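> 3D model of this:
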Amino acid sequence: MVRLGGSGADGRCLIVKLIKNTGDNRVIDEVRAALGPQSELDIATPAFSLFAFAEARELLEKIARCRLVIPTLLGNAPQLFGGDADRPFRNRLNTQALARQLAAWVEKKVELRGAPMPLPQSLLAIGNSADLPARVLTGHCAFTTDGLGITPGNQFSLIQCAESKEECAVLSSWFDSLWAGLPVPEQQRTRPPRIVGILFDHFTIDQHVTHLSRGNHALQAGHLPHRVRKEKDALRRGRSDLLFE
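Have a look, this model is predicted:
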């Protein structure tokens, strides 16, 4: 763990903790330490992975609410099915169940707003309704398995964790400004398939099947299990709701 010191406007020492995202010094460890029942969570992320959600789901189920900002323009896919390091997760072929769980969580806990362009960095702010966030993480900490430190990420990435009230206030104000400047969806509390469809709609059928089949010779040979065939057919027909049956 690395700490960098500095001085605030009033002369008090400010401490920035750098997260290496390896071993026991990972973003997911900070989230687990700070997130509790009735916590409030703000997330601004250029990518959102089903498998990252699965790893944090038990904690996320207990929070009071989450404000989530993700890119929504076509071509800015939020990497719902992860990257190369997520191959073991994809090979479990449980994306349908995870999508259903994500949909239920979004419906109960999440206020969602879309950014019209890619986000250049991520932010996770954890606190409660009475006070400023008690912990704010910024930098290369997207809500993906590598961003949370669950799978190996870029060793040259920079992630900082603020714990002082002053730094948390400054960093959380950036999110508040971002949130206030984004349009409110017409139906904030729509049914789960349509909410998660915001994520699925940015993923083409070919990309979806490629991610599901990557590293699996049986799938590459065309022997798709029933579940994969069903998901492929649902996307081709424009029926993301079928993913939740």
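> Let's verify the residue lying closest to Asp42 once chain neighbours are set aside: helix, strand, or coil?
Excluding its sequence neighbours, the residue lying closest to Asp42 (Cβ to Cβ, 6 or more residues apart in numbering) is Ala125, at 4.1 Å. C-beta: built from backbone N, CA, C; applies to glycine. Reduced to three states with DSSP: H, G, I helix; E, B strand; the rest coil, the structure at Ala125 is strand.
> What is the neighbour count of Ala125?
The criterion is other Cβ atoms under 10 Å. On that basis, Ala125 has 25 neighbouring residues.
> Likewise for the one 3 residues further on?
Other residues lying near Asn128 total 15 when counted by other Cβ under 10 Å.
> ok, it touching Ala64?
Yes: taking Cβ atoms under 8 Å as the definition, Asn128 is a contact partner of Ala64 at 7.5 Å.
> what residues are shared contacts of those two?
Common neighbours of Asn128 and Ala64, using Cβ atoms under 8 Å, 6 or more residues apart in numbering, are Gln38, Ser39, Glu40.
> how about the second one, what does it touch?
Contacts here follow Cβ under 8 Å, 6+ apart; on that basis Ser39 touches Lys62, Ile63, Ala64, Ile126, Gly127, Asn128.
> element containing the nearest residue to the third one once chain neighbours are set aside?
To tie it back to what came earlier, the one meant is Ala64. Spatially, and ignoring its direct neighbours in sequence, Ala64 is nearest to Gln38 (4.6 Å; Cβ to Cβ, 6+ apart). Under the criterion of DSSP states H and E, Gln38 resides outside all helices and strands.
> How much space separates Gln38 from Gly147?
Distance from Gln38 to Gly147, counting by Cβ to Cβ, to the nearest Å: 25 Å.
> Tell me the secondary structure at Val170.
Quick answer, by three-state DSSP: Val170 is helix.
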